[in-house]
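A.B. asks: need a structure here:
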Amino acid sequence: MKIVVIGGSGLIGSKLVSKLGAQGHEAVPASPKTGVNTLTGEGVGEVLDGADVVVDVSNSPSFEDAAVLEFFQTSTRNLLAAAAEAGVGHYVALSIVGSDRLPDSGYMRAKVAQEKLIAASGLPYSLVHATQFFEFVQGIIDAATEGDTVRLPPALIQPMAADDVASAVAEVTVGVPTNGTVEIAGPEQFRLDELGRHMLAARSDSRSVVTDPEARYFGTTLGERSLVPADGARVAGTRLDDWRTQAA
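C.D. replies: The predicted structure is shown next:
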């Protein structure tokens, strides 16, 4: 199959292109680096010509509320129109576990808007909701830092390795469209504040974590289960300690 990966130069996209290629598919990375700009529409029709599947794992260059909404709405509309024109048989998009439970977050609202456009498009589709990546936990800690103090809520989180995310998206991509949502998650649950302490200790980082139920996460407060999947999610195999060993 010809599979076009939008965001194919990024963390998940590059892994996905590699995995699909290893399975014998024609996996085509598409991003501004390859001359494909979903915001302007440049190169979109050309790269989707003859495609069987399009997978959108792209991300907004800005997380500011208005900018991120503009990115996901405009790029998704452009992709959907081009996919319909090209006769693409399966539209796959990567989103976030809990996106529909966090309306106070501008980023999550934008992801929900993206998903609604896809579901209403009439194209066969699959949405993959992933939990947070191990690779991004350090960024969450840094964003929550004031001086030497890190304020994190005690909400549950079930993070996973980016490589496992790519594997799960690849499996959905080559399968039959679900016309619904598939949830994927890591094998372990943590409290976010405890995970922060664990990550800092592993790096011999002297910052201290303060448990703060009101601490913001992408602009919103969290309930206990805002970031964890429902029963029946597909669970990946890579544990945090395994991932840390591999990364080292």
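A.B. asks: quick one: the residue of the chain most remote from its centre from Val137, how far?
C.D. replies: Here the chain reaches farthest from its C-alpha mean at Ser206, the gap being 29.9 Å by Cα atoms, centre = their mean. Distance of Ser206 to Val137, given as Cβ to Cβ, to the nearest Å: 18 Å. (C-beta placed from N, C-alpha, C; glycine too.)
A.B. asks: Count the neighbours of the nearest residue to Leu102 once chain neighbours are set aside for me.
C.D. replies: Excluding the flanking residues, the one nearest Leu102 by Cβ to Cβ, 6 or more residues apart in numbering is Met108, at 4.3 Å. Applying other Cβ atoms under 10 Å, we find 23 residues neighbouring Met108.
A.B. asks: Ok, Ala84 next?
C.D. replies: Per other Cβ under 10 Å, the neighbour tally for Ala84 reads 14.
A.B. asks: wait, isn't it in contact with Ile118?
C.D. replies: No: using Cβ atoms under 8 Å, Ala84 and Ile118 do not qualify as a contacting pair, with a distance of 11.7 Å.
A.B. asks: show me the contacts for Ala161.
C.D. replies: Contacts here follow Cβ atoms under 8 Å, 6 or more residues apart in numbering; on that basis Ala161 touches Phe133, Phe134, Glu135, Gly186, Ala236, Thr238, Trp243, Gln246.
A.B. asks: any low-confidence regions in this protein?
C.D. replies: Within the chain, no stretch has pLDDT under 70.
A.B. asks: And the strands in it, which stretches?
C.D. replies: Using DSSP state E, the strands found in the chain span residues 2-6, 26-30, 53-56, 90-96, 125-130, 145-146, 149-152, 156-157, 181-185, 190-191, 208-211, 234-235.
A.B. asks: quick one: Met199 and Gly147, what's the gap?
C.D. replies: Taking Cβ to Cβ, one finds Met199 at 18 Å from Gly147.
A.B. asks: ugh, typo on my part, it should be Ala82
C.D. replies: 48 Å.
A.B. asks: Please apply the same query to Gln132.
C.D. replies: Computed as Cβ to Cβ, the Gln132 to Gly147 distance reads 24 Å.
A.B. asks: before we move on, back to that, quick check: closest non-adjacent residue to the residue farthest from the centre of the chain.
C.D. replies: In space, and not counting its chain neighbours, Ser206 is closest to Asp148: 6.8 Å by Cβ to Cβ, 6+ apart.
A.B. asks: Tell me how many other residues surround the one you found.
C.D. replies: Neighbours of Asp148 using other Cβ under 10 Å come to 9.
A.B. asks: Contact partners for Ala236?
C.D. replies: Neighbours of Ala236 in contact, by Cβ under 8 Å, 6+ apart: Met160, Ala161, Asp164, Val165, Ser167, Ala168, Ile184, Ala185, Gly186, Pro187.
A.B. asks: Settle this for me: the residue nearest to Leu102 is touching Leu222, isn't it.
C.D. replies: No: the pair Met108 / Leu222 is not scored as a contact, 11.2 Å apart, by Cβ under 8 Å.
A.B. asks: Next, show the common contact partners of the two.
C.D. replies: Overlap of the contact sets of Met108 and Leu222 (by Cβ under 8 Å, 6+ apart) consists of Leu102.
A.B. asks: How far off centre is the longest helix anywhere in the chain?
C.D. replies: Ordering each helix of the chain by length in residues (DSSP state H) puts helix 65-86 first. Between the centre of helix 65-86 and the centre of its host chain there is 16 Å, according to Cα atoms, centre = their mean, to the nearest Å.
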